[in-house]
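In: Sequence and predicted structure, then a few things I'm wondering about:
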Amino acid sequence: MHIKTILTQTYHDQNPGTSGLRKKVSVFKQVNYLENFVQAIFDSLENYQEKSLVIGGDGRYFNQEAIQIIIKIAAANGFGELIIGQNGLLSTPAASHIIRKYGAFGGLILSASHNPAGEHGDFGIKYNINNGGPAPEKDTLAFFERSKTLEHYKIAELPDINLDEIGTQSIEALKITIIDSVADYAELMQSIFDFDLLKQSIQSGYITLAFDAMSAITGPYAKHIFVDMLGAPIDSLNNAQPLEDFGGHHPDPNLIYAHELADLMFSDKAPTFGAASDGDGDRNMIMGKGIFVTPSDSLAILAANATLIPGYASGLKGVARSMPTSQAVDRVAKKLNIPCYETPTGWKFFGNLLDADKITLCGEESFGTGSQHVREKDGLWAVLFWLNLIARRRQSVLDIVEEHWQTFGRDIYSRHDYEAVESSIAQEIMSSLREQIQTLPHQTFGEYTVKYADEFCYHDSVDGSTSANQGFRIGFENGSRIVFRLSGTGTVGATLRIYIERFEPDSEKHHQDPQIALAQLIELAEQFC
Ligand code: G16
């Protein structure tokens with residue numbers, strides 16, 4: 001194999017955000033841009049020679065082209081085997097599982113998640129370590145540092161590899177294995193959930209479902225699992241064909257971007273259960289007939305009911321949520337007498353807790369839920385969890401949620417996003433908040449008295465590392481909270497996120513519209529910034 005060393009220009013903007021490097025396709029297509037970043041990753045890793053690397057992506061525009069480049073750079077840098085999803089496709093949770101199952105050294109996942117795709121959309125790349133989870137901050141910082149001094153990359157002179165055919169081919173000492181993108185993942189799901197009960201509940205018509213794959217990666221996974229394995233009719237799936245531009249959709253499963261599903265679920269024709277996933281299959285939106293379940297509530301409900309699921313029948317070790325996620329799961333943990341950890345936003349912060357067996361379930365307000373089974377959040381896993389719950393409890397989603405609120409109270413929750421804010425203005429807002437939090441404690445605003453106000457700093461109890469500047473928390477005496485932080489996944493300007501929550505123990509008041517129930521807090525939040 002002939003290996004060339006290419007002299008390259010250095011880029012200074014390759015700083016990974018909350019979840020890998022995400023940029024416009026036009027940025028990634030600059031000369032040597034992708035090549036540099038991949039080389040910077042490999043230069044920052046040690047002892048991977050002759051080991052295996054998993055490669056796959058969500059199928060968006062530039063996915064296949066990028067994979068061909070990565071294959072050649074990985075070959076030149078001495079990996080022994082490349083395990084690649086057929087046609088270059090792997091959902092993020094499936095990639096995490098494959099890294100773990102095949103004991104790979106790590107993996108490169110190509111996705112910009114829920115960001116729009118296509119020639120004018122976004123692209124992204126992230127490195128996952130051998131536990132199957134996103135590289136921790138110390139690694140992503142090292143990638144960035146290396147990228148700023150990189151002058152050369154190595155690339156093997158190879159023909160493009162056919163990604164369509166399953167099987168292994170060897171090029172000298174390098175093995176290239178193309179695997180079925182779905183089979184291993186489906187088998188894992190079957191090992192966790194009661195597929196016989198699910199099949200019976202779906203085939204008897206007790207559960208009817210609508211799943212929107214948003215023309216992104218989960219289509220083939222949903223078809224195999226829901227239709228082929230569980231017997232759901234094919235028309236339960238919407239937008240199930242992955243497209244390079246995601247059909248022009250914004251594959252972010254929420255009430256705005258998955259509004260067709262939302263309209264259906266609030267109509268007379270609603271099935272028992274509705275769900276959607278995102279570009280790379282790690283997010284989930286859960287709906288029942290006439291109800292949208294917030295991700296924070298969903299996490300709490302899954303935790304409270306986990307022992308009904310075969311894979312979690314022996315109970316939970318602990319749970320974790322990201323800092324801005326509502327405190328609903330904390331109440332469940334308290335009742336179950338298990339620890340509840342609060343981590344910064346970013347799935348990578350759950351990795352150590354999962355590896356150390358301190359937690360079994362974890363989740364985030366940003367439509368992410370997951371467990372011990374992989375080291376990424378997992379959209380279809382959450383959907384199967386809910387289906388299994390409905391089948392076991394023989395109750396509708398609405399009844400399950402209402403009963404949960406009656407038992408634990410409701411954490412009324414809302415997130416407001418201010419997108420494409422000029423970066424300098426966003427920084428000014430953050431600086432002003434940093435000053436204000438010093439003086440806020442004990443001040444009273446209407447019915448709200450500030451109990452604490454701080455800038456969240458996380459101390460990882462497993463590896464002792466510290467992650468500072470993770471957003472501002474303002475907590476009130478009555479348990480309400482306002483949180484401010486800047487998103488780490490946007491690609492245009494800055495995105496300011498404001499998270500607002502209020503605890504409501506009175507079940508007579510559980511049906512309020514969150515925007516009305518939270519009106520005073522929303523006004524306060526705006527006043528602060
Ligand atoms: C990523 C991360 C999540 C995070 C989310 C939002 O999700 O994996 O942990 O909660 O971004 O982050 P931010 O608020 O910084 O935009 P995904 O689905 O985009 O990979």
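Out: Sure thing, it's come through. Source: prediction; values computed, not measured. Numbering: from 1, shown residues only.
In: helix or strand for residue 221, which one?
Out: helix 218-222 (DSSP states H and E).
In: Next: residue 387.
Out: Assigned by DSSP H and E, residue 387 falls in helix 379-393.
In: Past that helix, which element shows up next along the chain?
Out: For helix 379-393, the following helix or strand on the C-terminal side (DSSP H and E) is helix 397-408.
In: What lies in contact with stretch 134-144?
Out: Under the contact criterion C-beta atoms under 8 Å, 6 or more residues apart in numbering, stretch 134-144 has outside partners 14-16, 19-20, 37, 40-41, 44-45, 106, 126-129, 346-348, 351-352, 375-376, 465, 467. Backbone N, C-alpha and C define where each C-beta goes, glycine included.
In: Give me the number of neighbouring residues for residue 469.
Out: When neighbours are counted by other C-beta atoms under 10 Å, residue 469 registers 13.
In: I misspoke; the intended subject was residue 249.
Out: 20.
In: Can you check what pLDDT the model gives the residue of the stretch 51-200 of the chain found nearest the ligand?
Out: Relative to the ligand, the nearest point of the stretch 51-200 of the chain is residue 113 (3.3 Å; C-beta to the nearest ligand atom). The model reports residue 113 with a pLDDT of 93.
In: give me phi/psi at it?
Out: phi 50, psi -120 (degrees, to the nearest 10).
In: so who does it touch?
Out: Residue 113 sits next to 19, 22, 58, 92, 124, 278-280, 282-283, 489 when contact means C-beta under 8 Å, 6+ apart.
In: if you set the cut-off to 10 Å instead, what comes out?
Out: By C-beta atoms under 10 Å, 6 or more residues apart in numbering, the residues touching residue 113 are 18-20, 22, 58, 60, 92, 122, 124, 126, 216, 251-252, 278-283, 366, 489.
In: Now, the residues you listed that are in strands?
Out: 22, 122, 124, 126 (DSSP state E).
In: from what I can see the third one touches residue 57, true?
Out: It stands for residue 124. Yes: with contacts counted by C-beta atoms under 10 Å, residue 124 reaches residue 57, the gap being 8.8 Å.
In: Quickly list what's touching both of these two.
Out: In contact with both residue 124 and residue 57: 66, 109-112, 279-280, using C-beta under 10 Å, 6+ apart.
In: Looking at these, which are in helices?
Out: Counting by DSSP state H, these place residue 66 in helices.
In: farthest-separated two in the shared contacts of residue 124 and residue 57?
Out: 66 and 279 (14.8 Å; C-beta to C-beta).
In: got the residues of this protein near the ligand?
Out: Neighbours of the ligand within the chain, by C-beta under 6 Å from any ligand atom: 18-19, 113-114, 278, 282-283, 322, 345-347, 364, 366, 368, 487-489, 497.
In: are any of these buried, and which?
Out: Among the residues of the chain next to the ligand, those classed as buried by 16 or more other C-beta atoms under 10 Å are 18-19, 113-114, 278, 282-283, 322, 345-347, 364, 366, 368, 487, 489, 497.
In: so where's this structure shaky on pLDDT?
Out: Nowhere does the chain drop to pLDDT under 70.
In: if we can go back for a sec, quick one, which of residue 124 and residue 57 is more surrounded?
Out: residue 57 (31 against 28).
In: List the single closest residue to the more buried one in space, sequence neighbours excluded.
Out: Nearest residue to residue 57, sequence neighbours excluded (C-beta to C-beta, 6 or more residues apart in numbering): residue 110, at 2.9 Å.
In: Mind listing the residues bridging to that neighbour?
Out: residue 57, residue 125 (DSSP bridges).
In: how many other residues sit next to it?
Out: Under the neighbour criterion other C-beta under 10 Å, residue 110 is assigned a count of 29.
In: Please identify the buried residues of stretch 181-189?
Out: For stretch 181-189, by 16+ other C-beta under 10 Å, it's 181-182, 184-186, 188-189.
In: so residue 39 is in which element?
Out: Using DSSP H and E, residue 39 falls in helix 33-44.
In: got it, and residue 333?
Out: Assigned by DSSP H and E, residue 333 falls within helix 328-336.
In: moving C-terminal of that helix, what's the next helix or strand?
Out: The first helix or strand that comes after helix 328-336 along the chain, using DSSP H and E, is strand 340-343.
In: so what's the residue nearest to residue 393 when sequence neighbours are not counted up against?
Out: Nearest residue to residue 393, sequence neighbours excluded (C-beta to C-beta, 6+ apart): residue 400, at 6.2 Å. Contacts for residue 400 (C-beta under 10 Å, 6+ apart) come out as 288, 291, 293, 301, 304-305, 386, 389-390, 393.
In: The ligand: which of the residues you listed is nearest?
Out: Distance to the ligand across the contacts of residue 400 (C-beta to the nearest ligand atom) is lowest for residue 293, with 17.3 Å.
In: The closest one: how many residues sit nearby?
Out: Neighbour tally, residue 293, other C-beta under 10 Å: 22.
In: ok, it touching residue 254?
Out: No: counting by C-beta under 10 Å, residue 293 does not reach residue 254; the two are 11.9 Å apart.
In: what is in contact with the two at once?
Out: The contact lists of residue 293 and residue 254 share residue 285, where a contact means C-beta under 10 Å, 6+ apart.
In: where exactly do the strands run in the stretch 101-250 of the chain?
Out: 106-110, 122-128, 152-156, 167-171, 174-179, 209-212, 237-238 (DSSP state E, counting those that start in this stretch).
In: coming back round to it: for PyMOL, write the select line for the buried members of the contacts of stretch 134-144.
Out: Buried residues among the contacts of stretch 134-144 (16+ other C-beta under 10 Å), as a PyMOL selection:
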select buried, resi 14+16+19+20+37+40+41+44+45+106+126+127+128+129+346+347+348+351+352+375+376+467
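In: Ramachandran angles for residue 303?
Out: Torsion angles, degrees, to the nearest 10, at residue 303: phi -60, psi -40.
In: Does it touch residue 317 like I think?
Out: No: Residue 303 lies out of contact with residue 317 (C-beta under 10 Å); the separation is 11.4 Å.
In: Those two - which one has more neighbours?
Out: residue 303 (29 against 16).
In: which residues sit in contact with that one?
Out: 312, 316, 318-319, 321, 328-333, 335-336, 338, 340, 360-363, 369, 371.
In: So the residue lying closest to it once chain neighbours are set aside versus residue 458, what's the distance?
Out: Closest residue to residue 303 apart from its sequence neighbours, by C-beta to C-beta, 6+ apart: residue 332 at 4.6 Å. Residue 332 is 21 Å from residue 458, where distance means C-beta to C-beta, to the nearest Å.
In: between those two, who's got more neighbours?
Out: It is residue 332, of residue 332 and residue 458, that has more neighbours when counted by other C-beta under 10 Å, with 24 against 18.
In: Does the more buried one touch residue 318 like I think?
Out: No: applying C-beta under 10 Å, one finds residue 332 not in contact with residue 318, separated by 11.3 Å.
In: what number of residues lie near the closest residue to residue 378 other than its chain neighbours?
Out: In space, and not counting its chain neighbours, residue 378 is closest to residue 93: 3.8 Å by C-beta to C-beta, 6+ apart. Close neighbours of residue 93, defined as other C-beta under 10 Å, add up to 30.
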